[in-house]
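**Student:** show me the folded form of this:
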Amino acid sequence: MLLWRTPFEVIIHSYSSGHIDCSIQHEEKLWRFTGFYRNPDSSRRHFSWDMLQRLCSMPELCNLTWLVGGDFNEICFDREKFWGNPRPLSQTRAFRDVLDNCSLQDLYGEGEFFTWVNLTHSLDGLIFARLDRYVASFEWKLLFPASQAHSLEFFHSDHRPTFIEL
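**Tutor:** Residues are numbered from 1 along each chain as shown. I've put the predicted structure just below:
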């Protein structure tokens, strides 16, 4: 979720069940935002990374500073998951590779680190993970140097709501 206290203009460039890609004009600044949802079905996950890679290389938009946020349904590193079986290295590497290829860096901020918990009733099967996040280009971070990502408390979901403060 993005929150503004001043007027802004949004132009939507593309969308699907897994993304919405737009440019935003806000206080003399023009930048790009992509809301992202990665398919949780492991047999289809590579399609999500391919889509993010395609969005990254769109010639008409690749010069804009870029912020991507949403439910990536993947961790980058083992430390982003608490309990449960380890993630296969090939899956976490694929996520890191697409972030590197698109020159996107994690935005850390305030709130709880783990943004997802499996809603099991047994403590034996409880798993926490950081699946929801914001990532941005270096240029976007320069454009909004005071920006911070925030995660809120769980509310009717196994994911924490997250937002970016510009």
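
**Student:** and the residue found closest to residue 127 once you drop the neighbours it is linked to in the chain, how many residues sit next to it?
**Tutor:** Among residues not flanking residue 127 along the chain, residue 84 sits closest, at 3.8 Å (C-beta to C-beta, 6 or more residues apart in numbering). No exception for glycine: its C-beta is placed from N, CA and C like everyone else's. Neighbourhood size, residue 84 [other C-beta atoms under 10 Å]: 12.

**Student:** parallel or antiparallel, which strands does the worst-scoring helix or strand of the chain on mean pLDDT pair with?
**Tutor:** Here the helix or strand of the chain ranked lowest by mean pLDDT, DSSP states H and E is strand 109-110, holding a mean of 79. Strand pairing for strand 109-110, using DSSP bridges, gives strand 148-151 (parallel).

**Student:** what's in contact with the helix or strand residue 13 falls within?
**Tutor:** Counting by DSSP states H and E, the element that carries residue 13 is strand 8-16. Outside of strand 8-16, the residues within contact range by C-beta atoms under 8 Å, 6 or more residues apart in numbering are 20-27, 51, 55, 58, 60-61.

**Student:** and of these, the nearest to residue 152?
**Tutor:** Relative to residue 152, the closest of those is residue 20; by C-beta to C-beta it sits at 21.0 Å.
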